[in-house]
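S.K.: Sequence isn't available, so here's the structure alone:
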């Protein structure tokens, strides 16, 4: 009996102890409760002085401010940005570089942390064909709209600081947005909060002052000219940086990844345009009746190659299913204008090529075709329209690269190359198409065509 009573007492004590444990919070729960009740600091005291306490006024915007004297190159800012934004392993929105320069007597080096400069005139936004960038009217922060992006990567070429980063997994470009969601609730961006030396801060800047300071200047030695995009980031130091300072990797040349679809698109569009231009010249000059008879064959070859060029270009996109958005940036983007130009060219070229095959089409569909579609004057006018629209497309291609403001992509250099390719490939295509057409349709005239082609090349 005594043993049974002892067992009951032990069970009762065990039950009480278990109930008591349930009432006690775990360390994690205790921390969460204190955090929710703000019983522990949220680090405002450490970063409150590093961010503005009010929104920018008229003619102002937010901007990064970097104290170069305080930057140690620890890359805590890079890690914090990477973790908070959930970036992929090979993706970074903030980087830390190293400048070296000075003289043999007094060599200098300086760590520089940088991210998006949230420029007054962001080149990324100007060049985007789908309007996937938005510069906030109040804060001036340049935001990237991920759901709008088609992954063409033109903004990477446009940005002189190569800020936008392409994410292969998602098929889109992404970039720093100054942790807008944190700033809106009075919390510092990840990089600002993580810096152990308070080298990074957010400030409100006057746009007129930034514009004046950007004229023929650079943010740090070795950086691109600020006049192009007017970056707002300020780098401050009590020790003047030597003007001969360059990035430590300045002479370490690494090739960028190739863009085979763009190569195919450029070569084939220029080939197609050149072929139609040569075909138009034959139409206008009307020197060789046999060559003129081959124009239907010429038009089909040139059209097929031109359409193939447009198909190949889509392979460059990270999200090709949204390629139809590419016309949205017509107001500012040369890429949108190039796409529109070649789309018009392809449409006119299709109609022009069809005019040569009206008898076959008429018999195929068994419906009479209006007589005006069979007239030589319409064919000639359409031929000129095709050539002009194609030339306009090539001009847009030149401007796509010239607008990036890179030395080797100047309009004079790029234009010479692109139009040179157009002429050479156009003549070659028509020559080969003529030979192929003659051998296939009228082999007895092959020698005559060969002589004409040789004479043309000599001319």
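M.R.: Now that the structure is in, tell me what you want to look at. Just so we're clear, the structure is a prediction, and the values are computed from it rather than from any experiment.
S.K.: Grab the longest helix from this protein for me.
M.R.: If you go by DSSP state H, the chain has its longest helix at helix 411-441.
S.K.: contacting residues around the residue lying closest to residue 74 once chain neighbours are set aside?
M.R.: In space, and not counting its chain neighbours, residue 74 is closest to residue 196: 6.8 Å by C-beta to C-beta, 6 or more residues apart in numbering. From N, CA and C alone the C-beta is placed, and that goes for glycine too. By C-beta atoms under 8 Å, 6 or more residues apart in numbering, the contact list for residue 196 reads 72, 74, 76.
S.K.: Now the buried members of the residues you listed.
M.R.: Neighbour counting by 16 or more other C-beta atoms under 10 Å classes 74, 76 among those as buried.
S.K.: Of the contacts of residue 196, which is the nearest to residue 185?
M.R.: For these, the closest approach to residue 185 (C-beta to C-beta) belongs to residue 76, at 22.2 Å.
S.K.: got the contact list for stretch 310-320?
M.R.: Contacts of stretch 310-320 (C-beta under 8 Å, 6+ apart): 149-153, 166-168, 170-173, 259, 261-262, 264-265, 268-269, 323, 342-343, 346.
S.K.: what pLDDT, on average, does that stretch get?
M.R.: Averaging pLDDT along stretch 310-320 yields 94.
S.K.: which parts of it are buried?
M.R.: Result for stretch 310-320 [16+ other C-beta under 10 Å]: buried residues 310, 312-313, 316-319.
S.K.: May I have the distance across stretch 89-99, first residue to last?
M.R.: One end of stretch 89-99 to the other measures 26 Å (C-alpha to C-alpha, to the nearest Å).
S.K.: Stretch 279-294 now?
M.R.: Start-to-end span of stretch 279-294 (C-alpha to C-alpha) is 10 Å.
S.K.: just to revisit the earlier point, let me have the contacts of residue 196 in CSV, extended by pLDDT and secondary structure.
M.R.: Below are these laid out as CSV (pLDDT from 0 to 100; DSSP: H, G, I helix; E, B strand; the rest coil):
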residue, pLDDT, secondary structure
72, 94, coil
74, 94, coil
76, 95, helix
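S.K.: quick one: which of the contacts of residue 196 is nearest to residue 222?
M.R.: Once C-beta to C-beta is applied, the member of these that ends up nearest residue 222 is residue 72, at 20.2 Å.
S.K.: For the closest one, which residues are in contact?
M.R.: 111, 196-197, 199.
S.K.: gap between it and residue 112?
M.R.: 12 Å (C-beta to C-beta, to the nearest Å).
S.K.: repeat for residue 168
M.R.: 27 Å.
S.K.: For these two, work out which one has more neighbours and name it.
M.R.: Neighbours were counted for residue 168 and for residue 112 using other C-beta atoms under 10 Å; residue 112 has more, 22 against 11.
S.K.: The more buried one contacts residue 66, correct?
M.R.: Yes. Judged on C-beta atoms under 8 Å, residue 112 makes contact with residue 66 at a distance of 7.3 Å.
S.K.: anything in contact with each of the two?
M.R.: residue 235.
S.K.: For stretch 391-399, the averaged confidence score.
M.R.: Per-residue scores along stretch 391-399 average to 98.
S.K.: Identify the residues contacting that stretch?
M.R.: 266, 269-270, 273, 277, 334, 337-338, 341-342, 344-345, 411, 414-415, 418-419, 422.
S.K.: and those residues, which are buried?
M.R.: Of the contacts of stretch 391-399, these count as buried by 16+ other C-beta under 10 Å: 266, 269-270, 273, 277, 334, 337-338, 341-342, 344-345, 414-415, 418-419, 422.
S.K.: Helix 411-441 and the helix or strand that contains residue 299, what's the angle between them?
M.R.: Element membership for residue 299 (DSSP states H and E) is helix 295-314. Here helix 295-314 runs at an angle of 130 degrees relative to helix 411-441 (axes from the mean of the first three to the mean of the last three C-alpha atoms, to 10 degrees).
S.K.: Only the buried residues of helix 295-314, if you could.
M.R.: Of the residues in helix 295-314, those buried (16+ other C-beta under 10 Å) are 295-303, 305-310, 312-313.
S.K.: for the very next helix or strand once past that helix, the distance to its chain's centre please.
M.R.: Of the helices and strands lying after helix 295-314 in sequence (DSSP H and E), the nearest is helix 334-355. Distance of helix 334-355 from its chain centroid, counting by C-alpha atoms, centre = their mean, to the nearest Å, is 23 Å.
S.K.: What helices and strands are in contact with helix 334-355?
M.R.: helix 260-285, helix 295-314, helix 376-402 (3 or more C-beta pairs under 8 Å, 6 or more residues apart in numbering; DSSP states H and E).
S.K.: following it, which helix or strand comes up?
M.R.: helix 358-365.
S.K.: In that next one, which residues are buried?
M.R.: Buried, per 16+ other C-beta under 10 Å, within helix 358-365: nothing.
S.K.: which outside residues touch that helix?
M.R.: 354, 368-369, 373-374.
S.K.: Let me know the angle separating that helix from helix 295-314.
M.R.: Going by the same axes, to 10 degrees, helix 358-365 makes 70 degrees with helix 295-314.
S.K.: relative to helix 334-355, how tilted is helix 358-365?
M.R.: 80 degrees.
S.K.: and helix 358-365, how far from the chain's centre?
M.R.: 45 Å.
S.K.: Kindly calculate the angle that that helix makes with helix 376-402.
M.R.: 100 degrees.
S.K.: for helix 358-365, what is the average pLDDT?
M.R.: Helix 358-365 comes out at a mean pLDDT of 71.
S.K.: do the same with stretch 113-126
M.R.: In the prediction, stretch 113-126 has an average pLDDT of 96.
S.K.: ok so, going back, dump the contacts of residue 72 into a markdown table; add secondary structure as well.
M.R.: Converted to a markdown table, the contacts of residue 72 look like this (DSSP: H, G, I helix; E, B strand; the rest coil):
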| residue | secondary structure |
| --- | --- |
| 111 | strand |
| 196 | coil |
| 197 | coil |
| 199 | coil |
